[in-house]
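Asker: Next comes the sequence, and after it the predicted model I'd like to discuss.
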Amino acid sequence: MDQFMDMGEETNSNRKVVLFIPNTRWYGKRPWLMIPYAALILTALLKKSFNFSILDANIDDMSQDECISALQNIDPEIVLISTLSVEYHQQYHTAIDLAKRACPSCITIVGGIYPTVLGRELIMDANIDYIFIGHAEERIAEFISLVFSNNKNQIESFNGIGFRDGEGKPIINDLNTYISNVKKMVQPDYSLINTKKYLYTSQQSNHYQLNSNGASSVIITSYGCPYNCVFCATRTISGRKIAFRTVEDIIDEMEFLMYEHGVSNFNFLDDCLLADRQRIYKLLNIIIERAYKISWKVGTVSAWHLNDELMELMKKAGCTQFTISVESGNPRVLHKIIRKPLKLEIVPGIVKKCNELGIDIGANFIIGFPGETWDEIRETFRFAESCNFDLVHFHIATPLPKTDLYRIAKEQNLLPSNFSFADPKYFGFGQAFIKTDEFTPFELMVLRAFEWDRINFNTPEKIAKAAKMMNLTIEELNNHRRQTRQNCGIHF
Ligand code: B12
């Protein structure tokens, strides 16, 4: 591999490769303005071997015409397009179209979540030359070098890619490796982005998990989750094992962001941050020993990883808020349908401990699974209310590609007959699509919006607390509540 990269460096260092990140606002969707982590990893993997640059239309709120001009100025031979949720598929297809319009002879390669979960459908977009499935580490530099070498046989037998054959038929080489097989995780490389542009966006955010005062950065210290929740796509994306970055590497990144960019708040976006107890203790103890002046939040805590000692350590290390995903207040639904290894009995104790420590605690619940009864759904709201979280969110079970939930909903004929991951009407936060004998999408949407309102805002103290967490005035919060009730909680 090293030998290969050396060869790449020598021959390809002048060849222009651009990573193009589309603007999610193009189709009226909300933008997520944090640092795109994939861009940092791709920089680390490609900067040495190619003339690599990044065009992030999202952070700069660029129009499609501006993107065309910018791409023409760069004049790349290869345009890489990075994708996250399939919910943004229109933006991704538009970006690929813009790339071909701006630079008709360029080669387009689409990577990230979309090709990983819906490769066969995606490759039928005639503007795409290759899709790239799964992680880029130890793979992408080699693949791009092959594309430059024009060696068709080697390109087309590469593991985990897709293309159309001479007759336009999709050929997908399934991926036979995951990020956890990577021998050495790469450190994110910030050198090609204007870090400052991203660090202050969280100040305007009303998302309680993402907002902050001062400069704030996301950080991902591990990839993947070993659990088997029915609705989750992570197994397809990262495999069943977690790929951990070393504590030293994480500390280096945090110190770089703190000391060179004034970051005082971190937001951990790992799938399962606390999974390795030894590693998390080591990380927290270093943060405490070095007396970092930081606060941090994490949105993805598996409650069964917590205990009093760990929560105390988290608090000492600057944790101000975390969110646990309880999913259901009914044990049958939780264990038999969702397959989450959580014992509901532990939840009230966690809330109590957070209250004592002064850590804000949020919780996520999901309603509307195939096989779930109306009474079990009601139990979820009763449980959520009884725990008295600082903020609680209810979601409606959403079938995502390559998940068991989608397979089950399809097999049981619970989705609309024209349901498609390529149809924008089947996306949007708060929308419901699964219909069973027990409930309809409409009932779930109404119930969710009104129970969210009732449980979170039932006393003046709770209203004040929620407003603070969401970075809103009471008036703004009331406005948000009104809109949520009137739209049944749907937003895009
Ligand atoms: C962080 C995160 C977010 C952040 C996104 C911040 C941002 N803009 O960067 C926030 C919290 C805002 C968020 C929101 C949402 N998210 Co999210 N999120 C994640 C999470 C946990 C990690 C993604 C990440 O950054 N990973 C780290 C980077 C390095 O990995 P990566 O992006 O996969 O990139 C690697 C490879 O894919 C590849 N790669 C990536 N791009 C490219 C491009 C090329 C050309 C190549 C060759 C390779 C390549 O190389 C990278 C290094 O190996 C994933 C779970 C997961 N395990 O992926 C869910 C996940 C992507 N999110 C998901 C969802 C559903 C959403 C929401 C729609 C939720 C909602 N309803 O609001 C929104 C939509 C956001 C969006 N823009 O798409 C789903 C998507 C499922 C699906 N099938 O579509 C996931 C998979 C969660 C899950 N388990 O189901 N999310």
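Answerer: The structure has been received and is ready for your questions. Numbering: from 1, shown residues only.

Asker: can you list the residues of this protein near the ligand?
Answerer: When proximity is defined as C-beta under 6 Å from any ligand atom, the chain approaches the ligand at 24, 32, 34, 36-38, 41, 80-82, 84-88, 109, 111-113, 117, 132, 135-137, 140, 220, 223, 232-234, 237-238, 269, 271, 400-401, 429. Bear in mind the C-beta positions are built from the backbone N, C-alpha and C, glycine included.

Asker: Quick one, which of those residues are buried?
Answerer: Using 16 or more other C-beta atoms under 10 Å as the burial test, the residues of the chain next to the ligand include 24, 32, 34, 36-38, 41, 80-82, 84-88, 109, 111-113, 117, 132, 135-137, 140, 220, 223, 232-234, 237-238, 269, 271, 400-401 as buried.

Asker: which residue packs closest to the residue in the stretch 51-200 of the chain that the ligand sits nearest to, ignoring adjacent ones?
Answerer: Going by C-beta to the nearest ligand atom, the ligand is nearest to Gly111 of the stretch 51-200 of the chain, at 2.1 Å. Nearest-residue entry for Gly111: Phe132, 3.8 Å, with adjacent residues in sequence omitted and distances by C-beta to C-beta, 6 or more residues apart in numbering.

Asker: The one you found is in contact with Pro115, isn't it?
Answerer: Yes - contact status for Phe132 versus Pro115: in contact at 6.2 Å, counting by C-beta atoms under 8 Å.

Asker: I'd like to know which helix or strand in the protein has the lowest mean pLDDT.
Answerer: helix 2-12 (a mean of 52; mean pLDDT, DSSP states H and E).

Asker: continuing past that one, what's the next helix or strand?
Answerer: Downstream of helix 2-12, the first helix or strand assigned by DSSP states H and E is strand 16-21.

Asker: Report the distance from that following strand to the chain centre.
Answerer: The chain centroid and the centroid of strand 16-21 are separated by 21 Å under C-alpha atoms, centre = their mean, to the nearest Å.

Asker: So if we follow the domain assignment, how does the chain break up?
Answerer: Domain assignment of the chain by automatic domain parsing yields the ranges 2-177, 194-486.

Asker: can you redo the ones you listed as TSV with distance to Gln187?
Answerer: Formatted as TSV, those follow (distance: least, C-beta to C-beta, whole Å):
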stretch	distance to Gln187
domain 2-177	6
domain 194-486	5
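
Asker: the strands in the stretch 351-492 of the chain, which residues?
Answerer: Taking DSSP state E, counting those that start in this stretch, the strands of the stretch 351-492 of the chain run over residues 360-367, 391-396.

Asker: Run through the residues that contact the spatially most central residue of the chain.
Answerer: Residue closest to the mean C-alpha point of the chain, counted by C-alpha atoms, centre = their mean, is Leu84 at 6.8 Å. By C-beta atoms under 8 Å, 6 or more residues apart in numbering, Leu84 lies in contact with 112-114.

Asker: Same check on Tyr190?
Answerer: Tyr190 neighbours (C-beta under 8 Å, 6+ apart): 35, 40, 43, 256.

Asker: Looking at those residues, which is nearest Gln154?
Answerer: Taking C-beta to C-beta as the measure, Gln154 lies nearest Thr43 of those, at 25.1 Å.

Asker: did I read that right, that closest one in a helix?
Answerer: Yes - applying DSSP: H, G, I helix; E, B strand; the rest coil, one finds Thr43 inside a helix.

Asker: So what does the residue lying closest to it once chain neighbours are set aside look like in phi/psi?
Answerer: Excluding the flanking residues, the one nearest Thr43 by C-beta to C-beta, 6+ apart is Asp189, at 4.1 Å. The phi/psi pair for Asp189 (degrees, to the nearest 10) reads phi -110, psi 120.
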